[in-house]
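**Student:** Based on what follows, work out the 3D shape:
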Amino acid sequence: MPPRPRFDRRAPVRELPNINDRISYPNLRVVDADGTQLGVISREEALEVAKERELDLVLVSEKADPPVCRIMDYGKFKFEQEKKAKEAKKKSHQTEVKEVKMRYKIDQHDYNVRIGQAVRFLKAGDKVKCTVIFRGREIQHTALAETLLRRMAKDLEEQAEIQQAPKREGRNMIMFLTPRKTPLDKADKEAQSTTRAVRTITAPPRAKVAAKTQASDS
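**Tutor:** Residues are numbered from 1 along each chain as shown. Okay, here's the model as predicted:
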């Protein structure tokens, strides 16, 4: 039986940056802190210039001939690089597809819960797969399922856009929503509400109209 490997308690070897005395090339092409080209000079001269500036000599291109170095504040440079990396990591949110499932007979309370779930997913930058599940003979009511999904898309129109319209897949009907990139135009929203306005003033009965007409003639 082979011996069990021993646990290595040594600290991991850190890869140190090639700066100042760690640079071993005899001749270097040096760029000053303000971007001025100092040309090809010896390692000792480059270190002396960096020391006079109270800055660091940093190797930026090892494969060049001769290698290229830049005079800079390495501590500040490293801090800015780490800050940019953190910001890039925050922005690089990987879009996921989150699913919201329901039945076409869903009651209002459960429907509101599904709407709340979808809003959270959309605000997090994820896509939402809205699924209506059919059981048994419910498959005959695909029209009601589509109406429900259209209603959901309408209720979420300020947060989402329809990526894929309601579509039947097997014993389910699905719809994909994606986070809205541009705000919903208020003019369009008001126009839609105007077109859906219901007439509330009822016309007077014909008998009353006729009576008024006769009274005016007399």
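
**Student:** tell me which residues of stretch 118-131 are tucked away?
**Tutor:** The neighbour-count check on stretch 118-131 (16 or more other CB atoms under 10 Å) flags Ala118, Val119, Phe121, Leu122, Asp126, Lys127, Val128, Lys129, Cys130, Thr131 as buried. Quick note: C-beta positions are derived from backbone N, CA and C, even for glycine.

**Student:** For Ala160, state which of those is nearest.
**Tutor:** For these, the minimum distance to Ala160 (CB to CB) is 5.2 Å, reached by Leu122.

**Student:** Show the contacting residues for that closest one.
**Tutor:** Taking CB atoms under 8 Å, 6 or more residues apart in numbering, we find Leu122 in contact with Val128, Leu156, Gln159, Ala160, Leu177, Pro179, Arg180.

**Student:** got the residues you listed as TSV, with pLDDT columns?
**Tutor:** Output for those, formatted as TSV (pLDDT from 0 to 100):
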residue	pLDDT
Val128	94
Leu156	94
Gln159	92
Ala160	93
Leu177	94
Pro179	92
Arg180	90
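
**Student:** Look up how far Leu177 lies from the residue most central in space within the chain.
**Tutor:** Closest to where the C-alpha atoms of the chain average out (CA atoms, centre = their mean) is Gly125, at 4.2 Å. The gap separating Gly125 from Leu177 is 12 Å, by CB to CB, to the nearest Å.

**Student:** again, but for Ile133
**Tutor:** Distance, Ile133 to Leu177, using CB to CB: 17 Å.

**Student:** Tell me the first helix or strand C-terminal of the helix ranked longest in the chain.
**Tutor:** Determined from DSSP state H, the single longest helix within the chain is helix 74-91. Using DSSP states H and E, the helix or strand that follows helix 74-91 in sequence is strand 97-102.

**Student:** Only alpha carbons, please: show the following helix or strand past that following strand as CSV.
**Tutor:** Going down the chain from strand 97-102, the next helix or strand is helix 108-123, by DSSP H and E. Extracted C-alpha coordinates of helix 108-123, given in CSV (Å, rounded to 0.1, in the frame of the first residue of the first chain):
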residue,chain,number,x,y,z
GLN,A,108,-55.4,36.5,-6.7
HIS,A,109,-53.2,36.1,-3.6
ASP,A,110,-51.0,33.5,-5.1
TYR,A,111,-50.8,35.5,-8.3
ASN,A,112,-49.6,38.5,-6.4
VAL,A,113,-46.9,36.3,-4.8
ARG,A,114,-45.7,35.2,-8.3
ILE,A,115,-45.6,38.8,-9.4
GLY,A,116,-43.5,39.7,-6.4
GLN,A,117,-41.1,36.9,-7.2
ALA,A,118,-40.8,38.0,-10.8
VAL,A,119,-40.1,41.6,-9.8
ARG,A,120,-37.2,40.5,-7.5
PHE,A,121,-35.7,38.3,-10.3
LEU,A,122,-36.0,41.1,-12.9
LYS,A,123,-34.4,43.7,-10.6
